[in-house]
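Asks: sequence? don't have it. structure:
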């Protein structure tokens with residue numbers, strides 16, 4: 001008897017929001033990696049490896065549960081599309097000892113009614129990427145879905161080349177997306193829309209249940225958590241790569257690690273995704289796209305915000321129009337923290353803009369520049385050798401020690417906001433290649449260890465602190481489907 005007790009509150013929604021779907025069994029599953037720390041933190045029951053493999057491969061469905069695939073839509077690169085879980089099955093919702101609810105989902109578990117011609121499967125390399133990067137984001141202090149395990153299916157998956165198949169188990173606050181609300185708006189009744197809004201508030205923001213206008217307050221809340229999330233992405237140089245509305249979580253978590261990467265040389269126009277040919281989701285565009293995505297959520301909520309269409313638009317527009325000011329305030333405070341400053345000064349924006357301009361001009365490494373400022377080290381950077389940077393440093397030091405504050409205090413503060421280690425793209429690719437093609441997990445495990453303590457300067461792993469010789473020229477990431 002399996003001891004994993006799962007709930008299914010999502011199926012209390014109208015049945016158009018989901019389809020009952022069992023995972024498709026695989027031939028010869030084996031466990032590649034299991035996240036014991038995550039399992040312990042959400043208080044999953046102790047089970048032997050054989051039981052976990054049978055569940056996480058989809059070969060055994062827990063008794064008294066009804067797995068589902070969720071229906072949703074989304075704007076992909078600006079174009080509206082009907083979507084849904086094309087290769088994912090939600091096993092159920094787990095109630096932790098802390099009385100919070102998390103989703104347990106299998107990704108790569110076979111075809112569903114929403115597969116749209118896809119095979120419903122995933123490659124080991126793509127699933128290991130999500131495992132690795134989602135753990136990096138978690139330890140960087142950024143809200144994210146997390147990965148419990150990766151199972152090798154024992155079956156081949158055809159992409160550009162034939163690859164080994166894998167299934168990821170994802171833990172999330174929920175899998176509610178902006179695209180879920182777009183789906184309800186386009187294909188559901190007003191009663192369906194209200195049911196979804198009530199569910200989202202009950203699940204994530206119960207403090208809103210007493211408010212007068214649930215839909216409007218939900219829009220404000222999602223905007224707030226998304227602003228926090230994007231600011232954190234910008235703090236560490238993370239590029240999501242595919243910020244479609246179906247990849248924007250209502251809970252404010254980073255979700256769906258497809259063609260994601262981390263920026264090395266600072267350039268706001270940095271794009272690594274092979275499918276983002278126009279740079280829509282470039283590093284510097286992420287705040288603007290977040291606002292655009294939120295405007296799609298606002299449209300989906302219009303009928304609930306006010307019965308008069310004109311008033312509904314005016315109320316929603318006022319919320320969306322407030323995003324740039326909210327974001328800029330959060331971003332400016334984040335940059336002050338990265339530079340070790342306290343309080344706010346009128347010249348802060350100018351000083352920050354000057355630094356970023358110089359970093360772009362000299363193609364300086366985003367992560368290491370802030371470490372150099374804090375540690376007074378020269379990472380063999382033309383920026384750090386320049387006269388203009390030396391002059392800027394005098395202004396930084398004056399700002400950091402304003403009102404008699406010790407410089408050491410500023411430097412100590414910087415350590416909490418500037419990681420020493422990020423998942424350098426070339427190291428990620430090397431680790432994934434060895435693990436997926438040769439079953440050699442040594443570098444993967446080493447990288448996991450490093451990114452599990454990213455703010456600690458471990459001298460043993462100095463090689464992981466630097467970008468590759470020649471930078472990321474020509475580097476691309478791929479969607480994996």
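Replies: Received the coordinates, thanks. These numbers were taken from a predicted model, which means no experiment stands behind them.

Asks: what pLDDT is listed against residue 236?
Replies: If you check residue 236, the pLDDT there is 98.

Asks: count the residues that sit near it.
Replies: Look at residue 236: counted by other Cβ atoms under 10 Å, it has 22 neighbours. (Glycine included, C-beta is placed from N, CA and C.)

Asks: report the contact partners of it.
Replies: Residues near residue 236 by Cβ atoms under 8 Å, 6 or more residues apart in numbering: 140, 142, 262, 367, 419, 422.

Asks: and if you look at residue 272?
Replies: Contacts of residue 272 by Cβ under 8 Å, 6+ apart are 239, 241, 259, 261, 425, 472, 475-477.

Asks: for residue 218, same thing?
Replies: 197, 200-201, 205, 208, 301.

Asks: name every strand pairing with the longest strand anywhere in the chain and say which way it goes.
Replies: Ranked by residue count and defined by DSSP state E, the top strand of the chain is strand 146-158. According to DSSP bridges, strand 146-158 forms sheet pairs with strand 30-34 (antiparallel), strand 162-172 (antiparallel).

Asks: rewinding a little: now the buried members of the contacts of residue 272.
Replies: 239, 241, 259, 261, 425, 472, 477 (16 or more other Cβ atoms under 10 Å).

Asks: what's the pLDDT at residue 480?
Replies: In this model, residue 480 carries a pLDDT of 64.

Asks: columns mean pLDDT and mean neighbour count on top of the strands paired with strand 146-158, output as TSV?
Replies: Shown next, in TSV, are the strands paired with strand 146-158 (pLDDT from 0 to 100; neighbours: other Cβ atoms under 10 Å):
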stretch	mean pLDDT	mean neighbour count
strand 30-34	97	17
strand 162-172	96	22
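
Asks: residue 376 is nearest to which of these?
Replies: strand 30-34 (39.0 Å; Cβ to Cβ).

Asks: what about the closest one, distance to the chain center?
Replies: 23 Å (Cα atoms, centre = their mean, to the nearest Å).

Asks: tell me the helix or strand right after it.
Replies: helix 36-41 (DSSP states H and E).

Asks: mind listing what's buried in that following helix?
Replies: 38-39.

Asks: how about the helices in the stretch 1-150 of the chain?
Replies: Under the criterion DSSP state H, counting those that start in this stretch, the stretch 1-150 of the chain contains helices at 36-41, 49-56, 124-139.

Asks: let's have those in CSV, adding distance to residue 162 and mean pLDDT.
Replies: Formatted as CSV, these follow (distance: least, Cβ to Cβ, whole Å; pLDDT from 0 to 100):
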stretch, distance to residue 162, mean pLDDT
helix 36-41, 31, 96
helix 49-56, 23, 94
helix 124-139, 12, 97
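
Asks: could I get the buried residue list for stretch 349-364?
Replies: So for stretch 349-364, counting by 16+ other Cβ under 10 Å, buried means 351-352, 354-356, 358-360, 362, 364.

Asks: next one: residue 307 from residue 256, what distance?
Replies: 35 Å (Cβ to Cβ, to the nearest Å).

Asks: and after the longest helix along the chain, which helix or strand comes next?
Replies: As assigned by DSSP state H, the longest helix anywhere in the chain is helix 214-236. Next along the chain after helix 214-236, taking DSSP H and E as the criterion, comes strand 238-239.

Asks: which strands and helices sit next to the following helix or strand past that next one?
Replies: Next helix or strand after strand 238-239 toward the C-terminus (DSSP H and E): strand 261-262. Contact partners of strand 261-262 among helices and strands, from 3 or more Cβ pairs under 8 Å, 6 or more residues apart in numbering; DSSP states H and E: strand 238-239.

Asks: need the contact partners of the strand it packs on.
Replies: 137, 142, 232-233, 254, 260-263, 270-273, 281-283, 286.

Asks: looking at this structure, which residue lies furthest from center?
Replies: Ranking residues of the chain by C-alpha distance from their mean position (Cα atoms, centre = their mean) puts residue 404 at the top, at 39.4 Å.

Asks: for that residue, give its distance to residue 398.
Replies: Distance, residue 404 to residue 398, by Cβ to Cβ: 12 Å.

Asks: residue 211 too?
Replies: Residue 211 is 46 Å from residue 398, by Cβ to Cβ.

Asks: these two: who's more crowded?
Replies: residue 211 (15 against 11).

Asks: how about that one: what's its closest non-neighbour residue?
Replies: What sits nearest to residue 211 in space, not counting adjacent residues and going by Cβ to Cβ, 6 or more residues apart in numbering, is residue 217, at 4.5 Å.

Asks: pretty sure the one you found sits against residue 210.
Replies: No - using Cβ atoms under 8 Å, residue 217 makes no contact with residue 210, being 9.8 Å away.

Asks: what is the most centrally placed residue in the chain paired to in the beta sheet?
Replies: Closest to where the C-alpha atoms of the chain average out (Cα atoms, centre = their mean) is residue 254, at 2.2 Å. Assessed by DSSP bridges, residue 254 has beta-bridge partners residue 144, residue 248.

Asks: need the contact list for it.
Replies: Neighbours of residue 254 in contact, by Cβ under 8 Å, 6+ apart: 134, 137, 142-145, 229, 233, 238, 240.

Asks: tell me if I'm right that residue 395 and residue 352 touch.
Replies: No - between residue 395 and residue 352 there is no contact under Cβ under 8 Å: 10.9 Å.

Asks: compare residue 307 and residue 256 (neighbour count), which wins?
Replies: residue 256 (24 against 9).

Asks: could you report the pLDDT at the nearest residue to that one once chain neighbours are set aside?
Replies: Once flanking residues are discounted, residue 256 sits nearest to residue 247: 4.5 Å by Cβ to Cβ, 6+ apart. Looking at residue 247, its pLDDT is 97.

Asks: how close does residue 247 get to residue 116?
Replies: Distance from residue 247 to residue 116, by Cβ to Cβ: 17 Å.

Asks: compare those two and say which is more crowded by neighbours.
Replies: residue 247 (21 against 12).

Asks: quick one, what contacts the more buried one?
Replies: 74, 177, 240, 255-256.

Asks: related to what we said a few turns ago, quick one: which of residue 217 and residue 210 has more around it?
Replies: residue 217 (20 against 8).

Asks: spell out for me the ChimeraX command that would select the buried members of the contacts of residue 218.
Replies: Buried members of the contacts of residue 218, defined by 16+ other Cβ under 10 Å, are picked up in ChimeraX with:
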select :197,200,201,205,208,301
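
Asks: most packed of the helices of the stretch 1-150 of the chain?
Replies: With neighbours defined as mean count of other Cβ atoms under 10 Å, the helices of the stretch 1-150 of the chain peak in mean count at helix 124-139, which reaches a mean of 24.

Asks: alright, that wraps it up for me.
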